[in-house]
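> the following block contains a protein sequence and its predicted model.
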4 protein chains.
Amino acid sequence: MEKINEEKAEGKLGVLCVGLGAVTSTFMTGVLMARKGLAKPVGSMTQYDKIRVGKGADKQYKHYGEIVSLAKLDDIVFGAWDVYPANAYESAINCEVLKEKDIEPVKDELEKIVPMKAAFDHNYAKRLDGDNVKKCKDRWDMTEQLREDIRKFKAENNCNRIVVIWAASTEIYVPVYEPVHGSLAALEQAMKNDDKEHIAPSMCYAYAALAEGAPFIMGAPNTTVDIPAMWEMAEKTKMPIAGKDFKTGQTLVKSGFAPIIGTRCLGLSGWFSTNILGNRDGLVLDEPANFRTKEVSKLSTLESILVPEEQPDLYTDYYHKVRINYYPPRNDNKEGWDNIDIFGWMGYPMQIKINFLCRDSILAAPLLLDLVLLSDLAARAGRYGIQRFLSFFLKSPMHTENEIPVNHLFQQYVMLKNAIREMGGYEADEEID
Amino acid sequence: MEKINEEKAEGKLGVLCVGLGAVTSTFMTGVLMARKGLAKPVGSMTQYDKIRVGKGADKQYKHYGEIVSLAKLDDIVFGAWDVYPANAYESAINCEVLKEKDIEPVKDELEKIVPMKAAFDHNYAKRLDGDNVKKCKDRWDMTEQLREDIRKFKAENNCNRIVVIWAASTEIYVPVYEPVHGSLAALEQAMKNDDKEHIAPSMCYAYAALAEGAPFIMGAPNTTVDIPAMWEMAEKTKMPIAGKDFKTGQTLVKSGFAPIIGTRCLGLSGWFSTNILGNRDGLVLDEPANFRTKEVSKLSTLESILVPEEQPDLYTDYYHKVRINYYPPRNDNKEGWDNIDIFGWMGYPMQIKINFLCRDSILAAPLLLDLVLLSDLAARAGRYGIQRFLSFFLKSPMHTENEIPVNHLFQQYVMLKNAIREMGGYEADEEID
Amino acid sequence: MEKINEEKAEGKLGVLCVGLGAVTSTFMTGVLMARKGLAKPVGSMTQYDKIRVGKGADKQYKHYGEIVSLAKLDDIVFGAWDVYPANAYESAINCEVLKEKDIEPVKDELEKIVPMKAAFDHNYAKRLDGDNVKKCKDRWDMTEQLREDIRKFKAENNCNRIVVIWAASTEIYVPVYEPVHGSLAALEQAMKNDDKEHIAPSMCYAYAALAEGAPFIMGAPNTTVDIPAMWEMAEKTKMPIAGKDFKTGQTLVKSGFAPIIGTRCLGLSGWFSTNILGNRDGLVLDEPANFRTKEVSKLSTLESILVPEEQPDLYTDYYHKVRINYYPPRNDNKEGWDNIDIFGWMGYPMQIKINFLCRDSILAAPLLLDLVLLSDLAARAGRYGIQRFLSFFLKSPMHTENEIPVNHLFQQYVMLKNAIREMGGYEADEEID
Amino acid sequence: MEKINEEKAEGKLGVLCVGLGAVTSTFMTGVLMARKGLAKPVGSMTQYDKIRVGKGADKQYKHYGEIVSLAKLDDIVFGAWDVYPANAYESAINCEVLKEKDIEPVKDELEKIVPMKAAFDHNYAKRLDGDNVKKCKDRWDMTEQLREDIRKFKAENNCNRIVVIWAASTEIYVPVYEPVHGSLAALEQAMKNDDKEHIAPSMCYAYAALAEGAPFIMGAPNTTVDIPAMWEMAEKTKMPIAGKDFKTGQTLVKSGFAPIIGTRCLGLSGWFSTNILGNRDGLVLDEPANFRTKEVSKLSTLESILVPEEQPDLYTDYYHKVRINYYPPRNDNKEGWDNIDIFGWMGYPMQIKINFLCRDSILAAPLLLDLVLLSDLAARAGRYGIQRFLSFFLKSPMHTENEIPVNHLFQQYVMLKNAIREMGGYEADEEID
């Protein structure tokens, strides 16, 4: 099979992050440290994973970068927007995720990453109150200012390509509203009408990115790119979009553990998940309107893995509940506790409890790296619109109305591998079982 | 592709269990209850799982029995050997795994399953002291008596085929000893010489089964069929062998959870597993010589899933420790506690703790059913010797000296599916990644 | 010291339970079974505990019944009100707390316990919908009907004394409203005015009990007897009142574990408690208005044990959060998970996680027995009003406005012991440290 | 009551630690930092706890130092012996318990604490191999050299008093051997005979300390001062001895949690405790002979708290098992996991699981401070021999043959308070219940 002609990943890749908090500063610090050989980018598929290409006697295992052309860590240039004015060094120190000894060696580079003024609307995140914020006449103006930011950053940093990734807080829940979100024309008109109720700031970022020829990735559970208007925009600009919600912590475990139950044909009667977390993310989610956005994202995970219709004896009417609790004592070190009630032979009950003492930013950082590099790859390979192959990295994978999202971790991995194979000119040779 | 011509599963299938304790009586009770529609055989792949056959547009999902010819539950006839004389009903009541209401409806049938005298050597299980035991002149005589038992059972019950499955205690550790285990001739000679040190009673069962044209499955971690002599015997009699150690509880979780870590390229620094269990199995394993057999079986699981050679940054020198503790208060309800130390981005540590409150016999029973039905299938399909496709059900999958066993739950599942597909005349269309 | 002259516990003691659900039926079944020597009343202080009386060379250890005169189990006669018409046998079977073999031997006695029609107001427990309910003109009429029930029960069963105990659901939160709750006269007037907003049905039960010369115990977190009007009524009738909320499960552990931290002068930065439970109690608490009542009760526990004012370095600003989640798969078997963040030498953090797999009714039943017997004792000993010595059994011990409740389990135990000693004519010889 | 005339704590107090590893360096660093106001000595009773003195209307709450005369932190001078030559600063850095920022401010003082050569015998701790070791002709010479060390340290540092505390590894188990341990004369003779089998190096330290007029505290589970010879020596020199095994981690929780069960008259069927730890202590305990010493110490805890003879229905035949596992990935951060099987009303089972993520040295350091200050106090108050009032701080409290040790945390606390009260001239006014 012939290699699909993605453009080579040449020149600088500008990575513009919305939000310069714990996740983003950990991501940036790690990339800069890895560039100097002072840290390992553990958890990153693009840096570590090997994929089989070919089958049977012809099979070989190769790193992603040996199959397709990926931007190198050395070619990345970072930028950011944030409602707080702290630079990336200050942010990394303040958020207390990394030890000072793991930040200091790249202090100079981090200090130069000063956030641009954010496009912000206090109504979408009531618990935040920074003032490094743009003054905007209306949503259209907000979008225009963001486009100008992108153009300026690209020129000043001599970038060949740009990717924009949202790593900021969860906004309040914005359900799809057809009159505004139903078409690109309607969205643009509503922006001009300054329809603050239906147009979240995140939508301005997404629009701006696509308009400037940059892929856009939604790392929070916001519905930003889950609307037909944005799909139309991606189509029009031939740009990739991906989302939503970085798959860290509890949902990562859930999307990997549920398949164990399903694969062994064990039954499920209930799954209770609770979380305690104390960082800015936790603070924002303590607001019910913002939690709603997250809950919708987290609840869907099980339904497509353990399917009542396929195994009614095993998966009918299981009780699934997800709770998130703001709990400041542990800061960025969030913790999940899951209680899983399964049943086996003759219906006899058993229990599994999983306690995950994790670190939000440490789990999220490699996802940012992979999503950025793979979105850039997709853009060069001419794959635009919704990138299903990135579901592996996301809690609530994007899908069109008629599709069922894939949440099964190992099925998502198959999708990822097949896409890399295809873009590398190999056969997409696995089926999702 | 043409359907491989396995013989149809016609007539009665005699299932002879070595050991009539908690696991066996739970298995038998469940099958008898399921036959009457009074219980569900949850956890059984042959009864529940569906496999994709065909690819792309041609793909279909089918139950195993729709792809290959499997013995029906109605065609099974049970028999057993045990050192204690209790019949299957008494055993089911005594072991307190099932509630009385789940046993009484099949009391009559269970009472008729009276154990034959066991082939037993007290030195191989010091904690057991039953006296329903054969008097044997030597190991060869022990084997001959077992063969006679099998023939008699087959004739009396009008069975078309027999499968023998070991569901008794773990014997003391018997390392491979070339002069006795190295060839079939050597083994037979040593049996005649009554070499009690190198020939465990389980070897007599295995030999007898194969000699009588019955597949043999080792459900404990005994090395019974891990010796060249037995491979030669399986070859000679064209019978399947499978082992070892039913994959229940902690190892099931480990073989499913380790892939989550590996698939996301997270690092591992340590994995500590401890178990408390109080049934007869726990009592036997409290004897260090018997535990040694189990430990060897349980430790190997991680090594082939998280491989240092493939990912030296992630899996070099992780510390893996497994402990089993006899703890009577909970009887058959064993419990595993795992502490997993992983690391992510820039090497930062995180922890996962898994507490599995499980039931040994409830998890094991469906494995017996599947192993019996699939071994019988393999025999009819002319697949003899080591059955790698049954690794899915086993803690320490059998393999020849040059092979590396597959412990990864989802890769084992691929092997299982491919074998079913092949025996059903479809293409074995998945690669292990 | 002279023995205080409590009346002897002679004749029958009528125990009238509000609610005949899981807790009550488990309590009744256990007492009846214990009477026949078929079960042990484990967890009951009056049946098991021994107290030291005397000091130094004179000290002796005696059971409560050897120090004071307690009603015997044989002298108890049970009655109940409930919104559902099921008798005690049916209720015990339905709630699935006890195995049938532990109920059947007292089936006849249980079947005779048929609930009287309940005084009920749907607005106070929206999730309940039984129809075994009194028709009442107003709250005063409701109270009068209850009084008539008590008189009738006492006469028909030839009881010498009566105790009324609330073991029904949590009502919605009723904050103290001075114009109605501030004095007995005001309360009575409001009853006549049928002030449904400020007078919960539970207040009618309490009033009726006291009016009929029976102690009243509040086992749910309802504020029923936390109002001056009720204190005045207890004073007037010279009857004991006690409450509130049976101390089972998580709060029991908390009130015992927090003292470990405090006694060793370790610091606390946070305590997160979550609960999953699936019985009728859980269903009712899933309604936010009812949960509010419970939350107020549960949060107060820590504050009086780990006191910032006394140890500002250790207990300033710890974060305490309590969550209850309705989770049906486990029925009466509730489960608590606590995460405790402590700190030690130089402020270094450590964590404790406690997972309590408990059974609500099994923990509550002995509390009912003890509260009933000890309230009856208090009445005979002439101790009326708030019974602080019963705090040991209660999550949120009653106290007057100026008192600080004692939540420390071992201090509560000192109070209990001192009261028994005093009523037995010994010196109350311990101080609360 | 008149105040007992302890000598005032005037002049310098020399604190000589056997072992300069994680525990000791953490202890020293914390004291030095606290002296500068840069850290809080959290967990220390002498620095934080307040005791009630007086009863009823006269009661007051006072810090220990307000009741008795305690040495001040400023008056402490540190010294140590160790088999490794690293000074206290190097040790604090190497053991990775404290962050650098919590060590650097007292670097100069720590660097001056250079360990004297240790009295060591490789057979007593096979896993250790340091060479900063005394050359000794025999055990008597070993003792003489240690005495010389103490005298020299006292003179050079101008100390008024000395306390010697063992904070080194667990030696192999040395059971009491009457011919050597039965009397002081026998012990001295055996030292001269160089009886290496029965005289552990720790016995030389203890003898030397007492001979030089210094209290001796055994912080490991060694039987050093559990022998009549040492009791005689303490009597003769009028010096306090205390031991054994600092009560940290799992046993702390056990001695506090078991009273919750006992106080509520709940039953116990089993308690399984496992530990993972990776520091030098863990390494040493991985040697079975050394673990034996520890196991004996840890198992005794429950027996005197939940006593079968007193409550046969509740505490007969519970199963108690303790496991310690060397697990290097976590270094000093040890972790305990307890599974507790209790039963309640009518014998119904429930489970509690406690997972304690603790830090060995952080929990031990304040114990060293308290034991040192309180032993010095006892010496000045003329209390010599076994100090039962220090049981609160110890896993396996010393006791003579006829005494039953007190393991109940809150009863130990009563003993501690009473002793302080008495030494401060107040009445010892609490009874152990």
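Looks like it arrived, so ask away.
> enumerate every residue touching A:Phe356.
A:Gly249, A:Gln250, A:Val253, A:Glu335, A:Gly336, A:Trp337, A:Asp338, B:Met350, B:Gln351, B:Ile352, B:Lys353 (C-beta atoms under 8 Å, 6 or more residues apart in numbering or on different chains). Placement of C-beta: from N, CA and C, glycine included.
> 6 Å instead, please
Residues in contact with A:Phe356, defined by C-beta atoms under 6 Å, 6 or more residues apart in numbering or on different chains, are A:Val253, A:Gly336, B:Ile352.
> from B:Thr251, how far off is it?
Applying C-beta to C-beta, to the nearest Å, the value for A:Phe356 to B:Thr251 is 20 Å.
> rewinding a little: among the contacts of A:Phe356, which are located in helices?
A:Val253 (DSSP state H).
> which of the contacts of A:Phe356 lies closest to chain C?
Taking C-beta to the nearest C-beta as the measure, chain C lies nearest A:Gly336 of the contacts of A:Phe356, at 10.9 Å.
> skipping adjacent residues, who's closest to the closest one in space?
A:Gln250 (3.6 Å; C-beta to C-beta, 6 or more residues apart in numbering or on different chains).
> quickly find the element holding that neighbour.
Per DSSP states H and E, A:Gln250 falls inside helix A:249-263.
> show me what that helix is in contact with.
In contact with helix A:249-263 (C-beta under 6 Å, 6+ apart) are residues A:273, A:275, A:298, A:301-302, A:305-306, A:336, A:342, A:354, A:356, A:358, A:395, A:407-410, B:256, B:260, B:413.
> please repeat the previous calculation with a cut-off of 7 Å.
A:247, A:268, A:273, A:275, A:298, A:301-302, A:305-306, A:334, A:336, A:338, A:342, A:354, A:356, A:358, A:360, A:363, A:395, A:407-410, B:253, B:256-257, B:260, B:409-410, B:413 (C-beta atoms under 7 Å, 6 or more residues apart in numbering or on different chains).
> how about the strands in the stretch 201-350 of chain A?
A:216-218, A:240-243, A:267-277, A:319-326, A:335-343, A:349-357 (DSSP state E, counting those that start in this stretch).
> need the least confident one among the ones you listed, by mean pLDDT.
Lowest mean pLDDT within those: strand A:319-326, a mean of 90.
> so it, near chain C or not?
Yes: with C-beta under 7 Å from any C-beta of the partner chain as the criterion, chain C is reached by strand A:319-326 at A:Tyr319, A:Lys321, A:Arg323, A:Asn325.
> and those, which two are furthest apart?
A:Tyr319 and A:Asn325 (19.2 Å; C-beta to C-beta).
> tell me which of those two has more neighbours.
A:Asn325 (20 against 17; other C-beta atoms under 10 Å in any protein chain shown).
> remind me, longest helix of chain A?
helix A:360-380.
> next, the angle helix A:249-263 makes with that one.
Angle, helix A:360-380 to helix A:249-263, by axes from the mean of the first three to the mean of the last three C-alpha atoms, to 10 degrees: 70 degrees.
> which other helices and strands contact helix A:360-380?
When contacts are defined as 3 or more C-beta pairs under 7 Å, 6 or more residues apart in numbering or on different chains; DSSP states H and E, helix A:360-380 sits against helix A:22-35, helix A:45-48, strand A:159-166, strand A:240-243.
> what angle do it and strand A:267-277 make?
110 degrees.
> tell me the first helix or strand C-terminal of helix A:360-380.
strand A:385-386.
> pretty sure A:Ile217 sits against A:Ala167.
No: the pair A:Ile217 / A:Ala167 is not scored as a contact, 8.9 Å apart, by C-beta atoms under 7 Å.
> which one of those two has more residues nearby?
A:Ile217 (31 against 27).
> can you tell me which residues contact that one?
With C-beta under 7 Å, 6+ apart, A:Ile217 has these contacts: A:Ile165, A:Trp166, A:Ala242, A:Gly243, A:Leu371, A:Ser375.
> if I look at it, how far off is A:Cys159?
A:Ile217 is 17 Å from A:Cys159, by C-beta to C-beta.
> check A:Arg147 too.
For A:Arg147 relative to A:Cys159 (C-beta to C-beta), the value is 15 Å.
> which of those two has more neighbours?
A direct count of neighbours by other C-beta under 10 Å for A:Arg147 and A:Cys159 places A:Cys159 higher, at 22 against 17.
> need the pLDDT of that one.
Looking at A:Cys159, the pLDDT reads 97.
> look up the closest residue to it, ignoring the ones flanking it.
Once flanking residues are discounted, A:Cys159 sits nearest to A:Gly14: 3.7 Å by C-beta to C-beta, 6+ apart.
> does the one you found belong to a helix, a strand or coil?
strand (DSSP: H, G, I helix; E, B strand; the rest coil).
> ok, it - contacts?
A:Val77, A:Gly79, A:Phe153, A:Lys154, A:Asn157, A:Cys159, A:Arg161, A:Ile162.
> list buried residues within those residues.
A:Val77, A:Gly79, A:Phe153, A:Lys154, A:Cys159, A:Arg161, A:Ile162 (16 or more other C-beta atoms under 10 Å in any protein chain shown).
> please identify which of these is nearest to chain D.
A:Gly79 (32.0 Å).
> a strand runs through the closest one, doesn't it?
Yes: assessed by three-state DSSP, A:Gly79 belongs to a strand.
> hmm, it is touching A:Lys154, no?
No: using C-beta under 7 Å, A:Gly79 is not in contact with A:Lys154; the gap is 9.3 Å.
> tell me, how many residues neighbour the residue of the stretch 101-250 of chain A found nearest chain C?
Taking C-beta to the nearest C-beta as the measure, the stretch 101-250 of chain A has A:Gln250 as its residue closest to chain C, at 13.7 Å. Using other C-beta under 10 Å, A:Gln250 has 25 other residues around it.
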